[in-house]
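Visitor: Give the three-dimensional model of this entry:
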Amino acid sequence: MRSKKSLVFLKKQRISSILPKSKIYHRDDLVGVTFALIRIQQAYELDPYDMAMGRLGTRQTNARLSAEELYEIVKILYYGSDRTYYSSGIEYALAITWLEGVIRLSFEDDLQDVFIEEIKTLLLEIQDEHDKHFQEPWTGQSLLQDMTSKEMRKLEKETVNKFSNQRSPWGRDFFSICRGEEQKWAKRASSSSSDQRCYVKHFSNPFLLLQPAKIEILNENPTLVQIHDVVPFSWIDKIKELSINKIVRAQVAADEGNKKSYDRTQSNACISKLFNDGSMVESETYQIGVYSPGGVYLPHMDTFNTDNELVNYENEFIGNRIATLMLYRVQQCMVSNGFQINGLDPMDKFSTDLVISKKARE
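Guide: Model (predicted):
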């Protein structure tokens, strides 16, 4: 039976053998890759066993994970200090979901009995811890003892859906948007009239008379508007040129200062001055973000919480944030049974759109 330390070493060795030799990869990189897999499984409600067999929805890939590699993911979830959400404790239900995949794969791979007994023992331990830390008992909770994690997730989803219209955004399943599910808490743009959803407008601006803005209303409440073909490709090339050597692992604000967090699995760079004209006093630096597969920035508010942060680094008053403008490079995507896979072909040309999310002052 291999020890935990030897398994981690083997995993590093296996990953290192396929990575470019010019770059040194650290523990953060390996944990980041692990959490990318966990995020994808969470967002699209995939079966870890199917993922190990290379299946994403109905799409079959050549990727494979062994039972031992799945077991490493479970140990990172259960024994590790990193979390998929900064305020959560040990995610027992999530660990159980992955561990059930380990058990199934172990039998199919005909692994040693001692390994199978070890993971079965750990499964019972995590299940006991899960029940011990369950927030509050409810009628029928005793039935959970005979449920699989898949059945638990189904029951949990039904319970969450009963409260899907609540005002607090933190109680919503935002990943359901990725799965293409109908959102009860959001009012989408009406599909009855395309003229009301998509239109062109020049806003009495002379620069837009010859080429009006192409506007598409994505969502009515909350307001989400997409303006197509905003930024020319020459701008994109310039932004890439200025930012390519500044890309670093993204951080989030914390009481003890900025820190890395798996709430925000993104690399970014900031450019203080992109154009020679225009005032920067009441705006902030341009931020360029790069998301790898499984990359995410969990739901959050961009407004500041205190008056202390309403000045810039030169101590000039800038006020609070009232809107966020996001420029996206549109990629090709393939959709299979609600599972969306973004693909990037370096030979393609990409359009650039502007997404405006209207946020109320708070």
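Visitor: what packs against the top strand by length along the chain?
Guide: Under DSSP state E, the strand in the chain containing the largest number of residues is strand 213-221. Secondary-structure packing of strand 213-221 (3 or more CB pairs under 8 Å, 6 or more residues apart in numbering; DSSP states H and E): strand 187-188, helix 194-197, strand 198-201, strand 224-228. Using the backbone N, CA and C atoms, a C-beta is placed for each residue, glycine as well.
Visitor: hmm, try it at 10 Å
Guide: Applying 3 or more CB pairs under 10 Å, 6 or more residues apart in numbering; DSSP states H and E, we find strand 213-221 packed against strand 187-188, helix 194-197, strand 198-201, strand 224-228, strand 352-358.
Visitor: okay, the angle between it and strand 224-228?
Guide: Inter-element angle recorded for strand 213-221 and strand 224-228: 160 degrees (by axes from the mean of the first three to the mean of the last three CA atoms, to 10 degrees).
Visitor: Buried residues, strand 213-221. List them.
Guide: 213, 215, 216, 217, 219 (16 or more other CB atoms under 10 Å).
Visitor: Kindly reformat the residues you listed as JSON lines containing pLDDT and distance to residue 240.
Guide: Output for the buried residues of strand 213-221, formatted as JSON lines (pLDDT from 0 to 100; distance: CB to CB, whole Å):
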{"residue": "213", "pLDDT": "89", "distance to residue 240": "24"}
{"residue": "215", "pLDDT": "90", "distance to residue 240": "27"}
{"residue": "216", "pLDDT": "89", "distance to residue 240": "26"}
{"residue": "217", "pLDDT": "87", "distance to residue 240": "30"}
{"residue": "219", "pLDDT": "78", "distance to residue 240": "30"}
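Visitor: Next, format the residues you listed as TSV and append distance to residue 244.
Guide: Output for the buried residues of strand 213-221, formatted as TSV (distance: CB to CB, whole Å):
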residue	distance to residue 244
213	30
215	32
216	31
217	34
219	33
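Visitor: Find the pair from these with maximum spatial separation.
Guide: Of all pairs drawn from the buried residues of strand 213-221, the one with the longest distance (CB to CB) is 213 and 219, at 18.0 Å.
Visitor: Strands of the stretch 51-200 of the chain, start to end?
Guide: For the stretch 51-200 of the chain, the strands defined by DSSP state E, counting those that start in this stretch cover 55-56, 59-60, 187-188, 198-201.
Visitor: which helices and strands does the last one pack with?
Guide: Translated: strand 198-201. Helices and strands touching strand 198-201, by 3+ CB pairs under 10 Å, 6+ apart, are strand 213-221, strand 224-228.
Visitor: residues making contact with that strand?
Guide: With contacts defined as CB atoms under 10 Å, 6 or more residues apart in numbering, strand 198-201 is touched by 189, 208, 211, 212, 213, 214, 215, 216, 217, 226, 227, 228.
Visitor: Pull the most distant pair out of those residues.
Guide: 189 and 211 (23.3 Å).
Visitor: Tell me which of those two has more neighbours.
Guide: More crowded of residue 189 and residue 211, by other CB atoms under 10 Å: residue 189, with 18 against 10.
Visitor: Closest one of the contacts of strand 198-201 to residue 41?
Guide: Of all these, residue 41 sits closest to residue 226, with 28.8 Å by CB to CB.
Visitor: mind listing the helices for the protein?
Guide: With helices called from DSSP state H, the chain shows them at 4-16, 27-44, 48-52, 67-79, 92-108, 113-132, 149-162, 175-178, 194-197, 233-243.
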